[in-house]
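1. sequence isn't available, so here's the structure alone:
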C-alpha cells in the first residue's frame with residue numbers, strides 16, 4: 001500500500017470512528033477509491049463505453065471525472081466488493097451527490113483531508129473546524145468550496161450536492 005493511500009485510509013478509519021460509522025467499510029472504500037485512476041486519461045471514455053459505464057457530457061470533457069466510476073467497477077469486478085454502500089462511496093468520492101450517505105461523506109472527505117497535492121490543502125483549517133460542528137457541516141463546507149472553485153466543469157453530481165445542501169437553509 002502506498003504511503004498516500006495509507007494516510008487516506010487511516011484518516012477514513014479515524015473519521016468513521018469519530019462519527020460512529022463502520023471503520024472497515026470506510027477503510028475499504030478509501031483503499032479502492034482511486035484505483036480507477038490507473039486507466040490512462042486518453043482511454044477513459046472509450047473504456048467506459050466498452051464496459052457499459054454511463055459517460056456524462058462533463059466526463060467526456062474532463063475524463064478524470066470518470067475515475068470514481070472505474071474505481072467502483074474494479075472494486076466489484078476485480079476485488080469482489082459487493083456492499084452497495086462501499087461501492088457508492090467509491091463512485092461519489094470526488095464530488096458527492098444529493099443526499100450523500102455518511103459513508104460517502106467519510107470516503108470523500110478523508111480523501112480531501114489527506115490529499116495528494118503539494119503542501120497543505122488551502123481549505124483544510126476550515127474543513128477541520130466544520131468537522132467540529134458535524135460530519136454534515138464538513139460535507140456542506142467542502143461541497144461549497146469545490147463548487148465555488150475554479151473547476152474546468154461542474155459535474156452534475158456536485159451541482160446536485162450543492163443544491164441539496166443550500167436549498168436546506
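-> Happy to help now that I have it. Here the structure is a predicted model, which is why all the values come from computation and not from measurement.

2. state the distance from residue 74 to residue 37.
-> Residue 74 is 10 Å from residue 37, where distance means C-beta to C-beta, to the nearest Å. For glycine as for every other residue, the C-beta is placed from the backbone atoms N, C-alpha and C.

3. what do you get for residue 155?
-> As for residue 155, its distance to residue 37 is 16 Å (criterion: C-beta to C-beta).

4. tell me which of the two has more neighbours.
-> More crowded of residue 155 and residue 37, by other C-beta atoms under 10 Å: residue 155, with 22 against 16.

5. got the contact list for that one?
-> Contacts for residue 155 were tallied using C-beta atoms under 8 Å, 6 or more residues apart in numbering; they are 56, 58-59, 65, 94-95.

6. ditto for residue 91
-> 68-69, 71-72.

7. where does the protein have low pLDDT?
-> 1-6, 168-169 (pLDDT under 70).

8. ok, longest helix in it?
-> Longest helix in the chain, counting residues (DSSP state H): helix 3-18.

9. how about the residue nearest in space to the middle of the chain, what does it touch?
-> Residue closest to the mean C-alpha point of the chain, counted by C-alpha atoms, centre = their mean, is residue 93 at 1.1 Å. Residues near residue 93 by C-beta under 8 Å, 6+ apart: 29, 33, 68, 71, 104, 107-108, 111.

10. in PyMOL, select just the buried ones from the residues you listed.
-> In PyMOL, a selection of the buried entries from those looks like this (16 or more other C-beta atoms under 10 Å):
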select buried, resi 29+33+68+71+104+107+108+111
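
11. wait, doesn't residue 164 sit right on residue 136?
-> No: counting by C-beta atoms under 8 Å, residue 136 is not a contact partner of residue 164; they are 10.9 Å apart.

12. now for the longest helix of the chain, which elements pack on it?
-> helix 23-32, helix 102-113 (3 or more C-beta pairs under 8 Å, 6 or more residues apart in numbering; DSSP states H and E).

13. for the ones you listed, which one ends up most surrounded?
-> Greatest average neighbour count among the helices and strands packed on helix 3-18 goes to helix 102-113 (a mean of 24), per mean count of other C-beta atoms under 10 Å.

14. what angle sits between the helix or strand just after it and helix 3-18?
-> As assigned by DSSP states H and E, the chain's next helix or strand after helix 102-113 is helix 124-133. Between helix 124-133 and helix 3-18, the angle comes out at 30 degrees (axes from the mean of the first three to the mean of the last three C-alpha atoms, to 10 degrees).
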